[in-house]
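*Asks:* Provided below are the primary sequence and the corresponding predicted coordinates.
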Amino acid sequence: MTYRDIVHIDKIRVLGPCVHKPLGKEWYLVDSETGELKPTAATPNLTTLEDGGGSIFFQSRSLDSTGMASKLLIECCPPLVLQRHNWCGHSDLDDYVFTIFDRLTRKLSLKVRADDFAAWGSGDVALLEIHLTANFSCPAGYITSVIDAIDANNGTGKHRSDEDRISLGWTPTRRSKYSMLSIYYKWKELQRRFGPRPGEVRRRLLDESRDAIRAEIKLFSQFLKRQNLNKVSAWSRIDPSMLYFEKLSSYQIHSFAQRQLTSDELRTLSKPERRVYRLWLAGTDLMDQFSSRTTVYKYAKSIKERIGVDTMARCRPKRLASLDLGEIFDRSNALGVPNWLRATRYYHSPSSS
């Protein structure tokens, strides 16, 4: 599988050049110097490109003195807009942005200038928000336990809306301005969207998603600016899957539920490492057992590199625990685009545009 198969873009919020007559009722602001009312934007609108597809939020921006808008704000879930579902997709941002701008302006019967059209194609479009998503194989019966483990290991900075969904990256008053992670059971969401009588393709998508859990990384404007990723063109120079798994790792969910070592694995550790592991397994605070934090970190690092268990984690594994978040959210456990879906209209590939 390529990165386009494993990680897909689930939402974008972009602002691109598009000279046009404002779409909607004009909004005005008072000029602080002259006291005059000046047009700034137009009322937001919603539309769809496909019957049964997701909605596109769009708004005319940057109105000038002649009453013309020079920019178009677009917010949508590209897979849902283009293929009527967002179980999977791809991570080619250039393709999604160009396709959405092109098809939306055609539907709105806007006459696009050559310069604006070229800007979309070259990625000269501001990126204000993007969601990167991957689905991981996980038995349906484990989903709530996974969410429970993540919940138990995060005393603050979380929001759990129901038993099968949790988000990390909250401050006491609001979400982070930089990024968030949401873990949830996508199958339930698809089931609600598809309704009681889904067609053949949707039934197969429900089958694909039944034993899977989704991890969605939401990147906001402050993070994108800090990383110089606030232009669509910048994304052609990076591997979105690498960025996704780096951010996923930063939330440290892999260590929230770990398996217990077998006797064979335990024998591969040195005598000091075995002592550290057994102290940690018994619930002992390792910092109280050594005079130097450096020593604790040294043993923790060597144990993790040797057998993959994080002894700095708060959560200790239970006897013969079958739940290991490190295995569940590993890249090798990520689900790609089903082969049977590729040749149907329910999958938009980058080459489709």
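*Replies:* Structure's in. What do you need?

*Asks:* let me see the ranges of the strands in the stretch 1-150 of the chain.
*Replies:* Assigned by DSSP state E, counting those that start in this stretch, the strands in the stretch 1-150 of the chain fall at 8-20, 26-30, 37-42, 45-48, 55-63, 69-76, 126-137.

*Asks:* and these: which comes nearest residue 166?
*Replies:* strand 126-137 (14.9 Å; Cβ to Cβ). C-beta coordinates here come from the backbone N, C-alpha and C atoms, glycine included.

*Asks:* dump that closest one to CSV, keeping only the CA atoms.
*Replies:* This file holds the C-alpha atoms of strand 126-137, laid out as CSV (Å, rounded to 0.1, in the frame of the first residue of the first chain):
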residue,chain,number,x,y,z
ALA,A,126,-4.1,29.2,1.5
LEU,A,127,-4.7,26.1,3.7
LEU,A,128,-6.5,27.0,7.0
GLU,A,129,-7.3,23.6,8.3
ILE,A,130,-6.9,19.9,7.3
HIS,A,131,-7.8,16.6,8.8
LEU,A,132,-5.6,13.5,8.2
THR,A,133,-7.3,10.2,8.9
ALA,A,134,-6.5,6.5,9.0
ASN,A,135,-8.5,3.4,9.8
PHE,A,136,-7.0,0.6,11.8
SER,A,137,-8.0,-3.1,12.1
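
*Asks:* where in the stretch 201-350 of the chain is pLDDT low?
*Replies:* Low-confidence segments of the stretch 201-350 of the chain, defined by pLDDT under 70, span residues 255-264, 281-283, 307-308, 313-323.

*Asks:* just give the nearest non-adjacent residue to residue 103, would you?
*Replies:* Residue nearest to residue 103 in three dimensions, not counting chain neighbours: residue 49, with 5.4 Å by Cβ to Cβ, 6 or more residues apart in numbering.

*Asks:* count of neighbours near the one you found?
*Replies:* When counting by other Cβ atoms under 10 Å, one arrives at 17 neighbours for residue 49.

*Asks:* measure residue 343 to residue 5 for me?
*Replies:* 15 Å (Cβ to Cβ, to the nearest Å).

*Asks:* what about these two, which has more around it?
*Replies:* Neighbours were counted for residue 343 and for residue 5 using other Cβ under 10 Å; residue 5 has more, 19 against 9.

*Asks:* helix, strand or coil: sort out the residue nearest to that one when sequence neighbours are not counted for me.
*Replies:* Counting by Cβ to Cβ, 6+ apart, residue 5 lies nearest to residue 336, which is 3.5 Å off, once chain neighbours are set aside. Recorded secondary structure, residue 336: coil (DSSP: H, G, I helix; E, B strand; the rest coil).

*Asks:* give me phi/psi at residue 336?
*Replies:* Residue 336 adopts backbone torsions of phi -100, psi -170, taken as degrees, to the nearest 10.

*Asks:* that one: neighbouring residues, count only.
*Replies:* The criterion is other Cβ under 10 Å. On that basis, residue 336 has 16 neighbouring residues.

*Asks:* on that earlier part again, contacting residues for the residue nearest to residue 103?
*Replies:* Counting by Cβ atoms under 8 Å, 6 or more residues apart in numbering, residue 49 makes contact with 56, 81-82, 103-104, 107.

*Asks:* how near is it to residue 193?
*Replies:* Taken as Cβ to Cβ, the span from residue 49 to residue 193 is 17 Å.

*Asks:* can you check residue 101 too?
*Replies:* From residue 101 to residue 193 the distance is 25 Å (Cβ to Cβ).

*Asks:* the two: who's more crowded?
*Replies:* Of the pair residue 101 and residue 193, residue 101 is the one with more neighbours under other Cβ under 10 Å, namely 24 against 15.

*Asks:* excluding chain neighbours, what is closest to the more buried one?
*Replies:* residue 120 (4.7 Å).

*Asks:* surely that neighbour and residue 16 touch.
*Replies:* Yes. Counting by Cβ atoms under 8 Å, residue 120 does reach residue 16; the two are 6.0 Å apart.

*Asks:* ok, and what's touching stretch 76-86?
*Replies:* In contact with stretch 76-86 (Cβ under 8 Å, 6+ apart) are residues 8-12, 48-50, 52-57, 87-89, 96, 99-100, 190, 193, 202, 205, 345-348, 352.

*Asks:* only the buried members of those: can you turn that into a PyMOL selection?
*Replies:* Filtering those down to the buried ones (16 or more other Cβ atoms under 10 Å) takes a single PyMOL command:
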select buried, resi 8+9+10+11+12+49+53+54+56+87+88+89+96+99+100+190+202+205+346+347+348
